[in-house]
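**Q** 3D model of this:
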Amino acid sequence: MAKIEDFAKLEFRVGRILMVEDVDKARKPIYKFLVDMGPEIGMRIILAGIKSHYSKEQLLNKEVICITNLEPKTIAGVESNGMVLAAEDENGIALLTPDKELKEGSAVR
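**A** The predicted structure is shown next:
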């Protein structure tokens, strides 16, 4: 079991996807996003393995919930600096999004 102190180490923020590109060298279908995380954090490159579930058009300008303080990870030569959160069941993947529009960088509590 994780302790509340472990969970509190993670920083969740609202981001807006401004750019979506394919990562052609990846072994699995993934997208490269440019995500606006607001003035405090700035722009982030984040990779996500949701290419088979969403078109680029569905993702552009979408608000998403991200973890912003994960250690960077390089996949197919591209460094990812965060994680876009999603849920999955037998019907596919759904991105976690705010239920109303919020400012980029808003903290999730």
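**Q** Of all residues in this protein, which one is nearest the centre?
**A** By CA atoms, centre = their mean, the chain has its centre lying nearest to residue 84, at 2.0 Å.
**Q** which residues touch that one?
**A** 15, 33, 35, 46, 48, 50, 64, 65, 66, 95 (CB atoms under 8 Å, 6 or more residues apart in numbering). C-beta here means a position set from N, CA and C on the backbone, and glycine is covered the same way.
**Q** export those residues to CSV and tack on neighbour count and pLDDT?
**A** Shown next, in CSV, are the contacts of residue 84 (neighbours: other CB atoms under 10 Å; pLDDT from 0 to 100):
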residue, neighbour count, pLDDT
15, 26, 98
33, 26, 98
35, 27, 98
46, 24, 98
48, 26, 97
50, 20, 94
64, 22, 98
65, 19, 98
66, 28, 98
95, 19, 97
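**Q** pLDDT weak spots in this protein?
**A** Across the chain, nothing is flagged by pLDDT under 70.
**Q** Packing partners of the longest strand anywhere in the chain?
**A** Longest strand of the chain, by residue count under DSSP state E: strand 12-22. For strand 12-22, the packing partners by 3 or more CB pairs under 8 Å, 6 or more residues apart in numbering; DSSP states H and E come out as strand 31-36, strand 43-48, helix 56-59, strand 63-67.
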